[in-house]
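Enquirer: no FASTA, just this:
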């Protein structure tokens, strides 16, 4: 009997100012593939506080510090971008030592957005290599690097990516290196990945969403919530300058462990956020199991969603949350919606994003960016949505 294949070990360093989409989409995708991913805080000493404040107000708890990982061996080391995150990674001597050892040993290493020029090229690890980067940072490549205008570039044992929107494509390129094309196809199908840039949504019964001034958005989270759906939505909405509150429903715990192990630090506890009397313009319920079931059983959240529906204020759900949270509580009555599980409306099963009046729904983690941009358009208009899409390189 053949012995099982060894688990692939991956290191993803993060630091202050890392870009959430570029960090946590690859982390979630690689964990879906079966990789043992260590999220390591760069700049933190061994045994230090592992909370990391990424871009757009996203705070997570890393698994270890980069210093803790100095002597370990990895099948892949992948660096996210972000500003000043990429520069901070480039200035981390302990991380440089790890990646340099990876390169010298013929191991796989990767970076996305600003990290190829500000970290890998800074260390001389892209000399003679074809690579890509965010258009705003391509001119930071030294002459020794052959810059390529592409979403993802694979040159031997080096993989580079352009930016947030191509982060899924970048992540799947890493999966292909580690596990092969069949695994990529399996994950892409389950996540409903679409490689083409640009977003669109199906709209029925158009209404003007209520929003005066800065949009106030509530995103409740629980243990088991799908981190891609949470963090992509938060990233996009905060890029649009929305006031987003990520609220934990897990008793007194503000740190929730998402479906694929990301430890997200919520901004508030749901009871406190609701009790504060703040009126939200939009409530978005993420999917992921068992998180969606927990959210469905949270009385304060259900009451808030029902109040929104009754008052004509906007609410929405992604993935399993449509079927697990909205449908059982009558929040889809008379509405068209899409979801990834137990299709509550088979007529919309092929739709990636559906907006019906004051309700927005989306299918899966692979549609989260399209969903978030549709929400931005409904709250702030198409020009605002296009501006954010351009910043994401999703055009």
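Expert: Yep, it's here. The shown structure was predicted, so the numbers you read here are calculated from the model rather than taken from an experiment. Numbering: from 1, shown residues only.
Enquirer: Name the next helix or strand following the lowest-mean-pLDDT helix or strand in the chain along the chain.
Expert: When each helix and strand of the chain is scored by mean pLDDT, DSSP states H and E, helix 270-275 comes last, with a mean of 91. For helix 270-275, the following helix or strand on the C-terminal side (DSSP states H and E) is strand 282-285.
Enquirer: Paired strands for that next one, with orientation please.
Expert: Looking at strand 282-285 with DSSP bridges, its partner strands are strand 216-221 (parallel), strand 314-318 (parallel).
Enquirer: What are the buried residues along that strand?
Expert: Within strand 282-285, the residues scored as buried using 16 or more other C-beta atoms under 10 Å are 282, 283, 284, 285. Using the backbone N, CA and C atoms, a C-beta is placed for each residue, glycine as well.
Enquirer: will you turn those residues into TSV that also has distance to residue 233 and pLDDT?
Expert: Listed next are those as TSV, based on distance: C-beta to C-beta, whole Å; pLDDT from 0 to 100:
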residue	distance to residue 233	pLDDT
282	10	98
283	12	98
284	6	98
285	10	98
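Enquirer: now these in JSON lines, with distance to residue 141?
Expert: Below are the buried residues of strand 282-285 laid out as JSON lines (distance: C-beta to C-beta, whole Å):
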{"residue": "282", "distance to residue 141": "40"}
{"residue": "283", "distance to residue 141": "43"}
{"residue": "284", "distance to residue 141": "38"}
{"residue": "285", "distance to residue 141": "42"}
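Enquirer: Which other helices and strands does whichever helix or strand residue 174 is part of contact?
Expert: Per DSSP H and E: residue 174 is located in helix 167-179. Under the contact criterion of 3 or more C-beta pairs under 8 Å, 6 or more residues apart in numbering; DSSP states H and E, helix 167-179 touches helix 20-32, strand 76-79, strand 108-112, strand 152-155, strand 158-161, helix 181-191.
Enquirer: for those, which one sits closest to residue 40?
Expert: Closest to residue 40 of the helices and strands packed on helix 167-179 is strand 76-79 (C-beta to C-beta; 9.6 Å).
Enquirer: Residues touching the closest one, excluding its own?
Expert: Residues outside strand 76-79 that contact it (C-beta atoms under 8 Å, 6 or more residues apart in numbering): 8-13, 26, 30, 35, 86, 89, 95, 98-99, 102, 107-112, 115, 119-120, 159, 174, 177-178.
Enquirer: what's the offset of it from the middle of its chain?
Expert: Relative to its chain's centre, strand 76-79 lies at 17 Å (C-alpha atoms, centre = their mean, to the nearest Å).
Enquirer: now the helices and strands packed on helix 167-179 as a markdown table including distance to residue 326?
Expert: Listed next are those as a markdown table, based on distance: least, C-beta to C-beta, whole Å:
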| stretch | distance to residue 326 |
| --- | --- |
| helix 20-32 | 23 |
| strand 76-79 | 35 |
| strand 108-112 | 34 |
| strand 152-155 | 35 |
| strand 158-161 | 34 |
| helix 181-191 | 21 |
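Enquirer: Flag the shaky bits of the stretch 251-395 of the chain, pLDDT-wise.
Expert: For the stretch 251-395 of the chain, the stretches flagged by pLDDT under 70 are 340-350.
Enquirer: Bridge partners for the nearest residue to residue 358 once chain neighbours are set aside, pull those for me.
Expert: With C-beta to C-beta, 6 or more residues apart in numbering as the measure, residue 314 is the residue that lies nearest to residue 358, at 4.8 Å, once sequence neighbours are left out. In this entry, residue 314 is beta-bridged to residue 282, by DSSP bridges.
Enquirer: count of neighbours near residue 314?
Expert: Residue 314: 25 surrounding residues under other C-beta atoms under 10 Å.
Enquirer: Pull up the gap between it and residue 281, please.
Expert: 6 Å (C-beta to C-beta, to the nearest Å).
Enquirer: any residues in contact with both of these two?
Expert: Joint contacts of residue 314 and residue 281 (C-beta under 8 Å, 6+ apart) are 209, 210, 379.
Enquirer: Sort out for me which of the residues you listed are in helices.
Expert: residue 379 (DSSP state H).
Enquirer: out of the shared contacts of residue 314 and residue 281, which one sits closest to residue 357?
Expert: So of the shared contacts of residue 314 and residue 281, ranked by how close each gets to residue 357 (C-beta to C-beta), first place is residue 209, at 9.3 Å.
Enquirer: quick one: contacts for residue 34?
Expert: Contacts of residue 34 (C-beta under 8 Å, 6+ apart): 7, 8, 179.
Enquirer: ugh, wrong one, residue 287
Expert: 225-226, 229, 317-322, 324, 339-341, 364.
Enquirer: Just give the closest residue to it, not the sequence neighbours.
Expert: residue 319 (2.7 Å).
Enquirer: nearest residue to residue 293 other than its sequence neighbours?
Expert: With C-beta to C-beta, 6+ apart as the criterion, residue 293 has its nearest non-adjacent residue at 5.8 Å, and that residue is residue 324.
Enquirer: And for residue 377?
Expert: Residue 377 sits nearest to residue 385 (C-beta to C-beta, 6+ apart), 3.8 Å away.
Enquirer: helix, strand or coil for that neighbour?
Expert: helix (DSSP: H, G, I helix; E, B strand; the rest coil).
Enquirer: State the distance from it to residue 371.
Expert: With distances taken as C-beta to C-beta, residue 385 is found 12 Å from residue 371.
Enquirer: These two - which one has more neighbours?
Expert: Taking neighbours as other C-beta under 10 Å, residue 385 and residue 371 compare with residue 371 leading, 30 against 22.
Enquirer: What's the local residue count around the closest residue in space to that one that isn't next to it in sequence?
Expert: Excluding the flanking residues, the one nearest residue 371 by C-beta to C-beta, 6+ apart is residue 362, at 3.5 Å. By the measure other C-beta under 10 Å, the count of residues near residue 362 is 36.
Enquirer: Good, we can wrap up now.
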